[in-house]
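J.: Sequence and predicted model, in that order:
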Amino acid sequence: MDTQLFKIRENNKFGFMNASGEVVIEPQYFMVEDFYNGFSIVTFNNKPVPLDNLGRLLMKHLFNFVGKFEEGIARARLVSKWGFIDERGSLIIDVQFDQAENFSEHLAAVKMEGLWGYVNRTGDYMLTPQYFSAGNFKEGLAPVRFSEDGLFGYINTKGETVIEAAFDKAYPFRNSLAVIEQEGKWGYINTKGQVVVEPQFDIPANPFYGQFNDDLTVVIQDNSYGYINKSGVIVQAPMYAYTGDFAEGLGLVKINDKFGYLDKSAQLIIPNDYDSASRFSGGLAAVQKRNKWGYINKDGKTIIPFRYDAAHAFKNGLALVEKEDIWSYINIKGDVIWQESLNDMEAPTRRSDALKAQQSTTLFSGM
């Protein structure tokens, strides 16, 4: 199980702490990404380099881009060509592809000379380049476009057509449903290719539309927002200026330029009293009033007062907040667990000597 690490800032450089507020990777990088599957991507000597949770850099090879690790493998681009590295930084599939996607279900879509195919973890083609578009395998199926101006269908890992080409666009399956588009509207099909929800909803700019959270998803019709469930039943008819993803049983809605929360029966359970707001996480939601942020519980009671200039969602028991451009992490009681130094002369607020000793400058370049 990954150790949960949180991004911190000191003297305009970034590092990481643990959930106790102990600094485990000293702030030393100008750019870092949050940890995902055991790794962050940091900028080192103007190059993106994977960093593990002990602070070690994977520097066997340097690239112009490194993606997130999926199934222990990350795609990487050198100039204009793509390959793949493993969790030790070794180049396990040579840089050779015109484009490449993440591994999913042990296969990755790659593009060569205008056509897409699929390779395995050793770089062998399981499906030779023959498709004009290709998505990730999920639940044994992947969306592909069979001809340059043709429609999308779905294949299995043997390359057999399981769902005939019938869609303007098609996306990978999630929980036995896949988003498909026809004539500028989107709906869902099941793994048998049967239309579960007729294409009828507007296509938003958000690339993650159609994903279910708490068994509901946001839909848009005529610039109004609502919710449907996995059966395609409209739980809340589109009527709001905005709706956010459901989380912990409540969904964020915007009414008359103010934000509140619906329950799953579409009742306004927390009135629209807030200038801005976020989804619930850890039983609390960050909300804004009169240019200050605080946190409320699911009853709408203020738990952490409105005193921050910015406030982020709780994650693994901690939330990042900002006040007068100073970063702090607080727990669900509002106690400060870690705070950015107030001036350049101060050291980080907390530090774990044991973890600091464990952290070394050892690079994977010699392995």
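T.: Ah, there it is.
J.: average pLDDT across stretch 219-233?
T.: What stretch 219-233 shows for mean pLDDT is 94.
J.: Hmm, I typed the wrong one, I wanted stretch 117-136.
T.: Stretch 117-136 comes out at a mean pLDDT of 98.
J.: Buried residues, that stretch. List them.
T.: Gly117, Tyr118, Val119, Arg121, Leu127, Pro129, Tyr131, Phe132, Ser133, Ala134, Gly135, Asn136 (16 or more other C-beta atoms under 10 Å). Where you see a C-beta, it was placed from the backbone N, CA and C, and this is true even at glycine.
J.: Quick one: end-to-end distance for it.
T.: Using C-alpha to C-alpha, to the nearest Å, the end-to-end distance of stretch 117-136 comes to 11 Å.
J.: where does the residue nearest to Leu115 when sequence neighbours are not counted sit relative to Lys60, distance-wise?
T.: In this structure, Leu115 finds its nearest non-sequential neighbour in Pro129, 3.8 Å apart by C-beta to C-beta, 6 or more residues apart in numbering. Distance from Pro129 to Lys60, counting by C-beta to C-beta, to the nearest Å: 28 Å.
J.: Please identify the buried residues of stretch 184-203?
T.: Neighbour-count burial for stretch 184-203 flags Trp186, Gly187, Tyr188, Ile189, Thr191, Gly193, Val196, Val197, Pro199, Phe201, Asp202 (criterion: 16+ other C-beta under 10 Å).
J.: got a list of contacts for that stretch?
T.: Outside stretch 184-203, the residues that touch it by C-beta atoms under 8 Å, 6 or more residues apart in numbering are 139, 141, 154, 162-164, 166-167, 173, 176-183, 209-210, 219-223, 228, 231-232.
J.: what mean pLDDT does that stretch have?
T.: 96.
J.: quick one on the thing from earlier: list only buried entries from the contacts of stretch 184-203.
T.: Here, 16+ other C-beta under 10 Å leaves 141, 154, 163, 167, 173, 177-182, 209-210, 219-220, 228 buried among the contacts of stretch 184-203.
J.: can you list the weak-confidence ranges in this structure?
T.: 1-3, 342-367 (pLDDT under 70).
J.: Tell me where it has helices.
T.: Taking DSSP state H as the criterion, the chain contains helices spanning 353-358.
J.: For Glu213, list the residues it contacts.
T.: You called it Glu, but residue 213 is Asn. Taking C-beta under 8 Å, 6+ apart, one finds Asp245, Phe246, Ala247 in contact with Asn213.
J.: Distance across stretch 221-234, terminal residue to terminal residue?
T.: 12 Å.
J.: same question, stretch 66-76
T.: 4 Å.
J.: give me phi/psi at the residue nearest to Phe137 when sequence neighbours are not counted?
T.: Nearest non-adjacent residue to Phe137, counting by C-beta to C-beta, 6+ apart: Glu105, 4.2 Å away. Backbone torsions of Glu105, given as degrees, to the nearest 10, read phi 50, psi 40.
J.: Adjust the sequence numbering to begin at 90 for everything that follows.
T.: Renumbered: residue one is now 90, and that last one reads Glu194.
J.: My guess is Glu194 contacts Pro261. True?
T.: No - look at Glu194 against Pro261 with C-beta atoms under 8 Å: they stay out of range, at 9.8 Å.
J.: neighbour-wise, which of the contacts of Asn302 leads?
T.: Phe335 (24 neighbours; other C-beta atoms under 10 Å).
J.: coming back round to it: show me the contacts of stretch 273-292 that map onto strands.
T.: Among the contacts of stretch 273-292, the members found in strands (DSSP state E) are 243, 251-253, 255-256, 266-271, 308-310, 317.
J.: Save the buried residues of stretch 206-225 as TSV, and put in distance to Ser367 too.
T.: Shown next, in TSV, are those (distance: C-beta to C-beta, whole Å):
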residue	distance to Ser367
Gly206	41
Tyr207	38
Val208	39
Arg210	38
Leu216	41
Pro218	43
Tyr220	39
Phe221	39
Ser222	34
Ala223	35
Gly224	30
Asn225	28
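J.: closest to Ala375 among the residues you listed?
T.: Nearest to Ala375 among these: Asn225, at 32.1 Å, using C-beta to C-beta.
J.: Can you report phi and psi for that closest one?
T.: The phi/psi pair for Asn225 (degrees, to the nearest 10) reads phi -70, psi 150.
J.: Nearest residue to it in space, please, no chain neighbours.
T.: Ser193 (3.9 Å).
J.: How many neighbouring residues does that neighbour have?
T.: By other C-beta under 10 Å, the residues close to Ser193 number 17.
J.: Against Leu341, how distant is it?
T.: 30 Å.
J.: And for Thr306?
T.: Counting by C-beta to C-beta, the gap from Thr306 to Leu341 is 14 Å.
J.: Phe262 now?
T.: On the measure of C-beta to C-beta, Phe262 and Leu341 end up 27 Å apart.
J.: try Phe158
T.: Taking C-beta to C-beta, one finds Phe158 at 31 Å from Leu341.
J.: Who has more neighbours out of the two?
T.: Higher neighbour count among Phe158 and Leu341: Leu341, with 26 against 20, using other C-beta under 10 Å.
J.: beta partners of the more buried one?
T.: Judged by DSSP bridges, the bridge partners of Leu341 are Tyr350.
J.: what do you get for Val199?
T.: Ala189, Gly206.
J.: What is the burial count for Lys347?
T.: Lys347 is flanked by 16 other residues according to other C-beta under 10 Å.
J.: Now do the same contact list for it.
T.: Each residue near Lys347 by C-beta under 8 Å, 6+ apart is listed here: Asn361, Asp362, Tyr363, Asp364.
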